[in-house]
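Student: fold the following and give me the result.
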Amino acid sequence: MTTLTSRQRQILDFMREHATIRYPSRREIARALGLSPTTVQQHLDALKQKHAIPDTAQLDGIAEESNPEYKQD
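Tutor: Purely as a prediction, here's the structure:
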């Protein structure tokens, strides 16, 4: 089980809450969270590397896997 940083969890939560047909772009995430797009990309890259997944679309479910007590509303 891999733990997430608070920022990684914040980014994943935002992506999940705002996903409709597609996930929000890193620029959209950055704007909403008060970060730079580069910072968001660094966190997304770290998440993908930690979980050995090739693309951002496969990040769905990471929050639940990393914390069994995590619940999506």
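Student: look at the residue most central in space within the chain and give its secondary structure.
Tutor: By C-alpha atoms, centre = their mean, the chain has its centre lying nearest to L12, at 2.6 Å. Three-state call for L12 (DSSP: H, G, I helix; E, B strand; the rest coil): helix.
Student: wait, it touches K50, no?
Tutor: No - L12 is not in contact with K50 according to C-beta atoms under 8 Å; the separation is 11.7 Å. C-betas here are computed from N, CA, C, even on glycine.
Student: show me the contacts for the residue nearest to F14 when sequence neighbours are not counted.
Tutor: Spatial nearest neighbour of F14, chain neighbours left out: I29 (5.5 Å); criterion: C-beta to C-beta, 6 or more residues apart in numbering. By C-beta atoms under 8 Å, 6 or more residues apart in numbering, the contact list for I29 reads 11, 14-15, 35, 40.
Student: tell me which of those is nearest to A57?
Tutor: M15 (10.1 Å; C-beta to C-beta).
Student: ok, now which ones touch L44?
Tutor: L44 is in contact with 11, 26, 56, 59, counting by C-beta under 8 Å, 6+ apart.
Student: any idea which helix or strand carries E28?
Tutor: E28 is located in helix 26-33, with elements delineated by DSSP states H and E.
Student: repeat that for R9.
Tutor: If you go by DSSP H and E, R9 is part of helix 6-18.
Student: how far does that helix sit from its chain's centre?
Tutor: Computed by C-alpha atoms, centre = their mean, to the nearest Å, the chain-centroid distance of helix 6-18 equals 5 Å.
Student: any buried residues in that helix, and which?
Tutor: Residues of helix 6-18 classed as buried: 8-16 (neighbour count, 16 or more other C-beta atoms under 10 Å).
Student: and stretch 16-36, by the same measure?
Tutor: Judged by neighbour count using 16+ other C-beta under 10 Å, the buried positions of stretch 16-36 are 16, 23-24, 26, 29-30, 33, 35.
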